[in-house]
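Trainee: Generate a structure from the sequence data that follows.
(2 chains)
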Amino acid sequence: MMLIGLIAAACKPKQAEDAANSPPDTSASTEEVELVSATAPVSFNNDIRPILSDRCFACHGFDKETREEDLRLDIHEGATEDLGGYAAIVPGNREKSELWLRITDEGDPMPPKKYHGKAYHKTLSAEEIELIGRWIDEGAPYEDHWAYTPVETTEPPKIAKHPIDSFIQAKLREQKIKPSPKADKRTLMRRVTFDLTGLPPAPAQAAVFMQDDSPDAYEKYIDQLMASEAYGEHLAVWWLDLVRYADTIGIHSDNPRNVWPYRDWVIQSLNDNMPFDQFSIMQLAGDLMQQEPTTDQLVASAYNRLNLATEEGGAQAKEYQVIYNVDRVTNYGEVWLGSSTGCAQCHDHKFDPISMEDFYTLAAFFGSLNGAAVGQESGYPKHEPPYIFLPRDDAEKKQIDDVEKRYREFIEKYPDAPLMDEYYGSRGQGRPALPEGGMPTWGKEFEKLLGERAKLAEKINTVPVSRDLNTPRTIRILARGSWQDETGEVVQPATPRFLNGPRSTEDKRLNRLDLAKWTVSRDNPLASRAVVNRLWARYMGHPLSSNPIDLGSQGSAPTHPKLLDWMAAEFMDQGWDLKHMVRLIVTSDTYQQSSNARADLADIDPDNKQLFARQSAIRLPAEVMRDQALMASGLLKPRVGGPSVFPYQPEGHWNALNFPKRTWPTSKGDDLYRRGMYTWVQRSFPHPQMVNFDAPSRERCTGERFPSTTPLQALSLLNGPAYVESARVLAQHLIIEQQEDSARLDALYLKVLARAPREEEKATLMELLAKQNEHFTAKPQDAAKLAAAGQAPPLSNDLKPLEVAAWTSLCRVVLNLHETVTRN
Amino acid sequence: MKRVLMERVHAEQCLLSQTRRKFLTSTFGSVGSLALGSMMGSKLMAATARELDEGLPAGAKPFLTHAPKAKRVIHLCMAGGPSHLETFDYKPTLRKHHKQPMPESLTKGQPIAQLQGRALTAFEPQTTFTKCGKAGIEIADIFPHIQKLADEICVIKSMKTEQINHDPAHTFFNTGTIRPNNPSIGSWLMYGLGSLNQNLPGFVVLTSVGGGQAQPISARQWHNGFLDSKYQGVKLNSVGDPVYYVGSPDGVSNPCQSEVIEAVNQLNQKHSKVVDDPEIASRIAQYELAFRMQMAVPELTDFSDENPKTIESYGCKPGDGSFASNCLLARRLAERGVRFIQLYHRGWDHHGGIKKRIPGAAKLVDQATAALINDLKQRGMLDDTLIIWGGEFGRTPMAQGDGRDHHIKGYSMFLCGGGIKPGITYGNTDDFGYNAQENVVHVRDLHATMLHQLGINHEKMTFKHQGLDARLTGVEHAKVLKELIS
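Mentor: Residues are numbered from 1 along each chain as shown, chains lettered A, B, ... in the order given. Next up, the predicted model:
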């Protein structure tokens, strides 16, 4: 009976009712569920808040500007307030509750048909009305929103050896569902290799693992993968999606921004397993960590310079300062608070307790960042100040030191002259104008120094960094978000009130470092939850709480709240150790399950978002798709880091770019074959192969990519030059390495899929080989063209074009298979 | 093993005018129809072919509240911001006040772009106008061909937008907001109505070469935003492959390619017996569709079947990427069931030298725009094709040297076909052409009206995103312009 009690607590009444409404079933489980539905208390967070939030809060919620009848239903005090002899909710008595009477009113039920001309009509279903009634009868208990409550360290249920499995299986037991069997060893190898490194298994490494029968073979293999540099590269993509890393500014001219050293730092830090709290603080406030920040701290602080920016003629500096600030706060909120704060730019958030004041006090942390609002066209912002030089050798260092030395002397000589960075940061648009009223005595010298510095930046690598202005900008609450409004209250930096974090006082004005430290402290319940929720999605296909960048009340409650909290606590307890968390997930039985779809889950969890009773089959991400082809053909050049590269891109893709006009400078040699993550990200025109496979444009925070299946993907894989070239080189390898067709097919499958082909597969391909031979024999000129696909030199000059062409066709087939493009 | 795919493609091209459902049952065997049921989207495995034809599942379209007048939209976007004062909004008052300060009552506290901090003086019209058509609509003489169609078009002289810089203004026009990650109009239409032709993208963009300084246009302008990426717009290119990667690799003939695809699908079929993954059927469908697209796109861009007289009427060299050639291509796309076609001409940002330059821009679009309207009319397609002509904003009544700056408080556009009243003007600006003051049409109102003509209630076509019922017209008031509807 204890077990039934447990079911009662966890089972959603909605499902219970559905079960109750279904035809009589004699199985034990249904009876139990029915038994449960009569007694299970309604959960505010799981059942009631989503209804109220969607249907009521817009007018009876947190936003005081739009609140109707001064009634708020988002908090207990509001809902039960005496409204003059009656109250919206009288706990324990639905019939006495005005809310109940209004939602069941036959003539004009709430929500009203046309509420205030603002939105279209939403209704409550009979089931939802009954749920609300029962909740009131049960005393209308309110709960704090789960994500805003402190993360408590809890003990996993004692069910399985691995804590994650215990949480997952506890829920499965309740529903009388068995986990899926473990995936076969090869599938698992392919899965975990893709997940941890973004690459397919290397044949030699694969062979060792497949033959290793020791009990810890899998753990050893994982250690190997996590020790490889590819691990940091692949996880970096996850991070770069979140922080919207790109190589260009994004708006109008969309000119370059030289920020790849930041990407290198991210890769390196993830490979070094830098604790996530330090990783965060360095990005948000590396420049403030010490008097003389290290180069790494400054490079990390380029995070604050990743916002979209404009250089468009006629753009107003004041407007764009606001736009950049909003962009930064929004990104910070989505990345570290797992919360969408953007709504609060113009009005109090309707569903979450984030107010306009919270938004602008957060904005005040970022509002002092130095930097021009509007840059200048024609490549200028590649070195948009403030930036630092990153000399490669002593000679470069000496040149920089010379200029810096003369600059210091200049400052001493003319204490009235502006600091160079301040000077840039305070200017309006275009090239900085010198003060009015004629050239000051220091003017000429200053201009000369600026010119020298800009000239150096043309030769020597730079990266934009965070620097605060000596005098902070005034940040006001902007009525309706309008940058022209100057009536709003001036605010000081502070964390959002509802999270009870630090606020500026008269004595101490907080800065970004204070924000960063609080963000990754135990006092902030959101950062750890947001990170582990995203990690789960990365390795299981779907997050535990539905929206990885919004854990607020419009996202759904986690499917496994205790697991999410246990992981969040574990993450912090272990010193924000990312590798530990990744290892935890991928060593669980839950992770290692087969991804096969199951008939018994088809109705209750078709997309594998609720129970995780199996793995998810996931189409490979854009970058990985191409990396796999390059690796199978041996073309991949695994050099880590460095400037972005320009792999084949269709002609004319940049035709609609201007100021200045540009053409894609296709890379030569090794740079054509670097990993996809190094491909130049042009925000206004991302590489078509990236777009076709759902990579984001990096204009905003992306917490989850949604893999689609479209014909454009088939065209990319069939005809894209990188894939055709890979197929051609792969074919040459097969021909050189193996004599017999059958052995070549075996090698082909091994290289691409890490398995041997089945007989029926061989039959199909042998048939195709014969037909392709026929075509190319008839048209040797076609064979010659296909056998010469791509820039990579032939592996040997003795190969017959006919043979290479025919085998290229076979390789194209295998590179296009569903199995090839899917991580199972 | 015959070349099944090739035959299918041939069959399909013969059947372009038939409904897709009929086509499905008549052409495809069991594999094809099974797989096509899941076409264009992994989440729609269980959906029927009919549902896929129409975007959302049939039951999920409460926003289709009335019979549509239009089936498709062609948006002729004059990027850069054409001056209303030199095209459709003749203001003799400006002549009187030429070179004199603008009334401060109009300009004070208003957003301004490049004229920030400069003296604001009135600038007289730089073109001549003629009263045209039965209603005597004033149209500038730089548009001799459009003038002849005065009885066909509906000129809106009271447009208003919210963004004063090009990039955000385009984003605002195309998505209804400047917040990133919102779907563009075409994506909304694909979501709401779906495509009429499964062999071509249902939302096509043509950016056009030639003329003026060429505004940059970001791919954001045809992005699907938070909608499924199957709804994204596809840019057709005038150089290289019209659709990226649509051409087979060098040396791979059509039969060769069809065998490769056939083998992929056969192996995927075999694989589906080994693993249980419903996505395989979807993958197979995509490869069939991809191959049919490989056949359909060259046919689309092969102008050899066009009557020379038709080509002459557009005044273009077909396929050269010019706006005129793209107008002809737009008609071919419209004929083939493409739902939303967006053509850019990027030469209208006349900060200086407007007198000299605006006739040049006009010359590049006038004849072809008129030809497109006439061509559609002759083919009986104008009634159900809504044409929208205009830019992201207008230009200041004030001089910027011998040009005009960006202006958002009042400007002109015109509509044609698609159930819009022909031969009328709607709304007015003040005597200076500064503020739209009579029957003001906000961009949102234009969106609402466009959706209305397509049978969509703009308040009801929503998509749940971040807890909000997002829609093209946003949360602020938007009205259907009933007076414009015939």
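
Trainee: So for chain B, the centremost residue is which one?
Mentor: Geometric centre of chain B, nearest residue: B:Gln342, 2.6 Å, by Cα atoms, centre = their mean.

Trainee: contacting residues for the residue nearest the centre of chain A?
Mentor: For chain A, the residue nearest the mean C-alpha position is A:Gly703 (2.8 Å; Cα atoms, centre = their mean). A:Gly703 makes contact with A:241-242, A:334, A:534, A:537, A:547-549, according to Cβ atoms under 8 Å, 6 or more residues apart in numbering or on different chains. Heads up, the C-betas are built off the backbone N, CA and C, glycines and all.

Trainee: Go back to the residues you listed and keep what's next to chain B.
Mentor: Among the contacts of A:Gly703, the residues that sit close to chain B (Cβ under 8 Å from any Cβ of the partner chain) are A:Asn547.

Trainee: closest to chain B among the contacts of A:Gly703?
Mentor: Of all the contacts of A:Gly703, chain B sits closest to A:Asn547, with 7.0 Å by Cβ to the nearest Cβ.

Trainee: which SS class is the closest one?
Mentor: Here A:Asn547 is recorded as coil under DSSP: H, G, I helix; E, B strand; the rest coil.

Trainee: Measure how buried it is and give me the count.
Mentor: If you count neighbours by other Cβ atoms under 10 Å in any protein chain shown, A:Asn547 ends up with 21.

Trainee: again with A:Ala789
Mentor: Neighbour count for A:Ala789, taken as other Cβ under 10 Å: 24.

Trainee: That one and chain B: what is the separation?
Mentor: 6 Å (Cβ to the nearest Cβ, to the nearest Å).

Trainee: I figured B:Thr177 was touching B:Gly474, is that so?
Mentor: Yes - with contacts counted by Cβ atoms under 8 Å, B:Thr177 reaches B:Gly474, the gap being 6.1 Å.

Trainee: quick revisit: I'd guess the residue nearest to the centre of chain B is in a strand, am I close?
Mentor: Yes - judged by three-state DSSP, B:Gln342 forms part of a strand.

Trainee: Wait, it touches B:Ala79, no?
Mentor: No - the pair B:Gln342 / B:Ala79 is not scored as a contact, 10.6 Å apart, by Cβ under 8 Å.

Trainee: Which residue is the nearest non-sequential neighbour of the single nearest residue of the stretch 101-250 of chain B relative to chain A?
Mentor: At 3.0 Å from chain A, B:Ala113 is the closest residue in the stretch 101-250 of chain B, using Cβ to the nearest Cβ. Excluding its sequence neighbours, the residue lying closest to B:Ala113 (Cβ to Cβ, 6 or more residues apart in numbering or on different chains) is A:Gly314, at 3.0 Å.

Trainee: picking up where we left off before, around the residue of the stretch 101-250 of chain B closest to chain A, how many other residues sit close by?
Mentor: B:Ala113 has 22 nearby residues by other Cβ under 10 Å.

Trainee: Quickly note the distance from it to B:Ala370.
Mentor: In this view, B:Ala113 and B:Ala370 are 31 Å apart by Cβ to Cβ, to the nearest Å.

Trainee: go on, B:Asp89?
Mentor: 20 Å.

Trainee: ok, these two, which is more surrounded?
Mentor: B:Asp89 (27 against 23).

Trainee: Mind pulling up the pLDDT for that one?
Mentor: Note on B:Asp89: pLDDT of 98.

Trainee: Next, work out how far apart whichever residue of the stretch 351-486 of chain B sits closest to chain A and A:Ser97 are.
Mentor: Using Cβ to the nearest Cβ, B:Gly467 is the residue of the stretch 351-486 of chain B that sits closest to chain A, at 2.3 Å. To A:Ser97, B:Gly467 is 26 Å away according to Cβ to Cβ.

Trainee: picking up where we left off before, I'd guessed the residue nearest to B:Ala113 sits against B:Asp405; true?
Mentor: Yes - using Cβ under 8 Å, A:Gly314 is in contact with B:Asp405, at 6.9 Å.

Trainee: Overlap in contacts, these two.
Mentor: Contact criterion Cβ under 8 Å, 6+ apart; residues bridging A:Gly314 and B:Asp405 by contacting each: B:113-114.

Trainee: Compare these two (neighbour count), which wins?
Mentor: Using other Cβ under 10 Å, the more surrounded residue of A:Gly314 and B:Asp405 is B:Asp405, with 25 against 20.

Trainee: what helix or strand is the residue in the stretch 351-500 of chain A positioned nearest to chain B on?
Mentor: Closest to chain B within the stretch 351-500 of chain A is A:Phe351: 5.6 Å, counting by Cβ to the nearest Cβ. When elements are assigned from DSSP states H and E, A:Phe351 belongs to no helix and no strand.

Trainee: What of A:Leu730?
Mentor: Using DSSP H and E, A:Leu730 falls in helix A:721-737.

Trainee: how far does that helix sit from the chain's center?
Mentor: Chain-centre distance of helix A:721-737: 34 Å, with Cα atoms, centre = their mean, to the nearest Å.

Trainee: ok, then the element right after it?
Mentor: Assigned by DSSP H and E, the successor of helix A:721-737 is helix A:741-753.

Trainee: And the closest residue to B:Lys479 other than its chain neighbours, what's its pLDDT?
Mentor: In space, and not counting its chain neighbours, B:Lys479 is closest to B:Asp445: 5.2 Å by Cβ to Cβ, 6+ apart. If you check B:Asp445, the pLDDT there is 98.

Trainee: Just the buried positions in the helix or strand containing B:Asp445, please.
Mentor: Taking DSSP H and E as the definition, B:Asp445 sits inside helix B:443-453. Residues B:443-453 are the ones in helix B:443-453 that count as buried (16 or more other Cβ atoms under 10 Å in any protein chain shown).
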